[in-house]
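**Student:** predicted model, plus sequence, below.
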Amino acid sequence: MSTVQGTCDPAFSGVRDAFERNFAEGRELGAAVAVYAGGRKVVDLWGGVADHRTGREWAADTPAFGFSCTKALTATAALLLAERGAYEVDGPVTDWWPEYGTHGKDGTTAAHFLSHQAGLPAFARPVSAEEAADAPARAAELAAQEPEWTPGDGHGYHALTYGWLAGEIVRRLSGRTVGEFVRAEFGGDLDLWIGAPDDVIARAAKLTARRPGGGDEAPKSGGTEPPAGRGEDMLTLLADAYTDPGSRLNRALNNPHPGKGGYNNPVVLRAGWPAAGMLTTAPGLAGFYRDLIAGRVLRPETLREAMKPRVSGPDRTLLVDSSFGLGYMRPSMTFFTPAAAQESAFGHTGAGGSIGLGDPDAGLAVAYLPNLMGQHLSGDLRAYNLVKAAYAAM
């Protein structure tokens, strides 16, 4: 069993118990969890191995790859610009991106970008990790591409293209990359990078599918596990779609391809893909949500409006029900939360099981980052059990 280190308020001992169980039952290699309650850090725990090849242990300042947890920060950057009057969220993107209005996309709004309604869930051709580092070129490519459905007519998860659509709001209207904007505006005092320097990459946790007891599994993608009774059918459906190279799910999740080393590839980590490119510590990601729900990033009314579900129901990409506000996931089959979180929790999951969550009503912020990819396409119960324990302590 891994020795869990760090601090935990006695009132939140259930979070520590759940975290230790993950290791004791062989569901972790290395991981970290952090919780803020009422603006106070009540949990900061880590344990296990950061690099299975060298045996390097996870440390207090070990950053890990956050996958799609990145989207919440990209959305927040875009929302901050809207709050400042740089553009209208529900206005046409051609007002500030005239080249985008091809193939019937002239009615697309920034809200469509942020809520996965743009109809461009995947690139039409294979894109390499090196090409993906050129954000202006990838945005231009999407602007010239024909949508797979009429923008606004339903939603489908834009797993990677989201970053070059929503991220273009930030790039065009601020003159900075998403990573630069985040660090300058609200992430500068957090251990959080969208586009990491080499010294941060060197000490980052290494993703793996190698389980503690031996044996490998192919890394899969997704968030937390669905409720009992629907899981088996859903997992079969998703697994079939994931392994079908022609499916929208497969095309959306695997293109651009991260290249050699997968998402450990320094080319990806340096580039900071705005949909899935963040390196962060658990306190860094939880600290972002702490600041967000406290009104230190967006005005409270801006956040409340962004939290309102813009779309809910069948997802054209993920094939299960999902729910999104303006960039933030809301409780659904892809953002599975305990009953106490249903009304006011928001955030984003990431492939392999990671999660960032905020709840302005509860005053709660939670982040969990593992380096062992989840066993199922929809992830697993590791994050859910931690979030459930955090709510139980409130």
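**Tutor:** Sure thing, it's come through. Residues are numbered from 1 along each chain as shown.

**Student:** Ala32 should be in a strand, yeah?
**Tutor:** Yes: checked against DSSP: H, G, I helix; E, B strand; the rest coil, Ala32 lies within a strand.

**Student:** doesn't Thr281 make contact with it?
**Tutor:** Yes: using CB atoms under 8 Å, Ala32 makes contact with Thr281 at a distance of 6.5 Å. Placement of C-beta: from N, CA and C, glycine included.

**Student:** so what sits against both of those two?
**Tutor:** Common contacts of Ala32 and Thr281, defined by CB atoms under 8 Å, 6 or more residues apart in numbering, comprise 62, 64, 369.

**Student:** any idea how far Arg299 is from the first one?
**Tutor:** In this structure, Thr62 and Arg299 are separated by 34 Å, where distance is defined by CB to CB, to the nearest Å.

**Student:** the two - which one has more neighbours?
**Tutor:** Comparing Thr62 with Arg299 by other CB atoms under 10 Å, the one with more neighbours is Thr62, at 24 against 12.

**Student:** the more buried one touches Gly47, doesn't it?
**Tutor:** No: assessed by CB under 8 Å, Thr62 is found out of contact with Gly47, at 10.4 Å.

**Student:** tell me, what's touching the two both at once?
**Tutor:** Joint contacts of Thr62 and Gly47 (CB under 8 Å, 6+ apart) are 30, 32.

**Student:** mind listing the helices for the stretch 201-350 of the chain?
**Tutor:** Applying DSSP state H, counting those that start in this stretch to the stretch 201-350 of the chain gives helices spanning 231-243, 248-254, 266-271, 282-293, 300-307.

**Student:** can you tell me which of these the model trusts least?
**Tutor:** Among the helices of the stretch 201-350 of the chain, helix 231-243 carries the lowest mean pLDDT, at a mean of 63.

**Student:** doesn't Val366 belong to a strand?
**Tutor:** Yes: under three-state DSSP, Val366 falls within a strand.

**Student:** contacting residues around it?
**Tutor:** With contact set as CB under 8 Å, 6+ apart, Val366 has these partners: 33-36, 286, 289, 355-358, 386-387, 390.

**Student:** buried ones from those residues, can you make that a ChimeraX selection?
**Tutor:** Buried residues within the contacts of Val366, by 16 or more other CB atoms under 10 Å, are selected in ChimeraX with:
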select :33,34,35,36,286,289,355,356,357,358,386,387,390
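
**Student:** got JSON lines for the contacts of Val366, with distance to Leu207 too?
**Tutor:** What follows is those, written out as JSON lines (distance: CB to CB, whole Å):
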{"residue": "Val33", "distance to Leu207": "17"}
{"residue": "Ala34", "distance to Leu207": "19"}
{"residue": "Val35", "distance to Leu207": "23"}
{"residue": "Tyr36", "distance to Leu207": "26"}
{"residue": "Ala286", "distance to Leu207": "20"}
{"residue": "Tyr289", "distance to Leu207": "23"}
{"residue": "Ile355", "distance to Leu207": "16"}
{"residue": "Gly356", "distance to Leu207": "17"}
{"residue": "Leu357", "distance to Leu207": "21"}
{"residue": "Gly358", "distance to Leu207": "25"}
{"residue": "Leu386", "distance to Leu207": "19"}
{"residue": "Val387", "distance to Leu207": "22"}
{"residue": "Ala390", "distance to Leu207": "24"}
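
**Student:** Asp17: which of the contacts of Val366 is nearest?
**Tutor:** Leu386 (10.1 Å; CB to CB).

**Student:** distance-wise, check that closest one relative to Glu168.
**Tutor:** For Leu386 relative to Glu168 (CB to CB), the value is 34 Å.

**Student:** which one's the longest strand in this structure?
**Tutor:** Ranked by residue count and defined by DSSP state E, the top strand of the chain is strand 40-51.

**Student:** contacts for that strand, please.
**Tutor:** Outside strand 40-51, the residues that reach it (CB under 8 Å, 6+ apart) are 2-9, 11-12, 15-16, 19-20, 23, 28-36, 55-60, 62, 204-206, 282-283, 286, 371, 390, 393.

**Student:** just the ones of the residues you listed in strands?
**Tutor:** Those of the contacts of strand 40-51 lying in strands (DSSP E): 5-8, 30-36, 56-57.
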